[in-house]
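Asker: Mind folding the following:
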Amino acid sequence: IFTTVSLDQSLYPIPVFFINSVFNDDSRILKELEKDSQQYDFFDERFFLRDIEASDKEEVIKVMVTHMRRYMDLREDFLDLVLQREKEAPTSFGNLVAFPHPTVLCGKKSFICIGTLKKKIDWGKHKVQLVMLLSAAEEHPQELPSLYELVVKIANEEENVALLMKEPYIETIRKIMETE
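Answerer: Residues are numbered from 1 along each chain as shown. As a prediction, the model looks like this:
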């Protein structure tokens, strides 16, 4: 869980990262994510949603979760777990990006679903237009650092966000991941 508010680690079965800003090169999370880790295939062309029309974050999350249910065997309470996380603290950290995720590891396969919004919406303290719904598989907790590393690499640079907004495709993700 990425959070800008203090959370009791003992209440969550997955790592809790307290951060001032995900986009600060000095932050503990970026140093943690720089560790060598195996890359996993979290993306699929079917996991991209373009020009979502929604008025609030709950609507965006519902659209994305509904879409992912077509391709992934998600827990029945997956939507509730993501909305619960948003209630605890919004998952937007600036740079027009939010990455909602459940409060627990769940599912058999980790994934990242990318959604671009037709218009910017308020998401906590920030405006958002690029949403990365992510989930780490409960059977593969070792994938968590790689999953977060991918998300941070994409969201950390304004150029990456702009490129993904313009070209929301798996090829764009590959281009971003190949750059240093």
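Asker: can you tell me which residues contact the residue positioned nearest the centre of the chain?
Answerer: Nearest to the geometric centre of the chain sits F99, at 3.1 Å (Cα atoms, centre = their mean). Taking Cβ atoms under 8 Å, 6 or more residues apart in numbering as the criterion, F99 is in contact with 2, 91, 131-134, 151, 155. C-beta here means a position set from N, CA and C on the backbone, and glycine is covered the same way.
Asker: Relative to M132, how far out is it?
Answerer: Per Cβ to Cβ, to the nearest Å, F99 is found 4 Å from M132.
Asker: Need the residues touching each of those two.
Answerer: 151, 155.
Asker: For this protein, which segments count as helices?
Answerer: All helices of the chain, identified by DSSP state H, fall at 28-33, 57-69, 78-88, 144-156, 158-166, 170-178.
Asker: Out of those helices, which one sits most buried?
Answerer: helix 144-156 (a mean of 20; mean count of other Cβ atoms under 10 Å).
Asker: confidence score at the spatially closest residue to M177 that is not a sequence neighbour?
Answerer: Distances taken as Cβ to Cβ, 6 or more residues apart in numbering put K153 closest to M177, at 6.7 Å, once the chain neighbours are dropped. If you check K153, the pLDDT there is 85.
Asker: Identify the residues contacting K153.
Answerer: Contacts of K153 were listed using Cβ under 8 Å, 6+ apart, and they are 160, 176-177.
Asker: how near is it to Q84?
Answerer: 27 Å.
Asker: buried stuff in the longest strand belonging to the chain?
Answerer: For the chain, the longest strand by residue count, based on DSSP state E, is strand 111-123. By 16 or more other Cβ atoms under 10 Å, the buried positions in strand 111-123 come out as 111-117, 121, 123.
Asker: Throw these into JSON lines and include distance to F48 and pLDDT, thanks.
Answerer: Putting the buried residues of strand 111-123 into JSON lines (distance: Cβ to Cβ, whole Å; pLDDT from 0 to 100) gives the following:
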{"residue": "F111", "distance to F48": "12", "pLDDT": "92"}
{"residue": "I112", "distance to F48": "10", "pLDDT": "92"}
{"residue": "C113", "distance to F48": "8", "pLDDT": "95"}
{"residue": "I114", "distance to F48": "5", "pLDDT": "95"}
{"residue": "G115", "distance to F48": "8", "pLDDT": "97"}
{"residue": "T116", "distance to F48": "8", "pLDDT": "97"}
{"residue": "L117", "distance to F48": "13", "pLDDT": "98"}
{"residue": "I121", "distance to F48": "19", "pLDDT": "98"}
{"residue": "W123", "distance to F48": "19", "pLDDT": "96"}
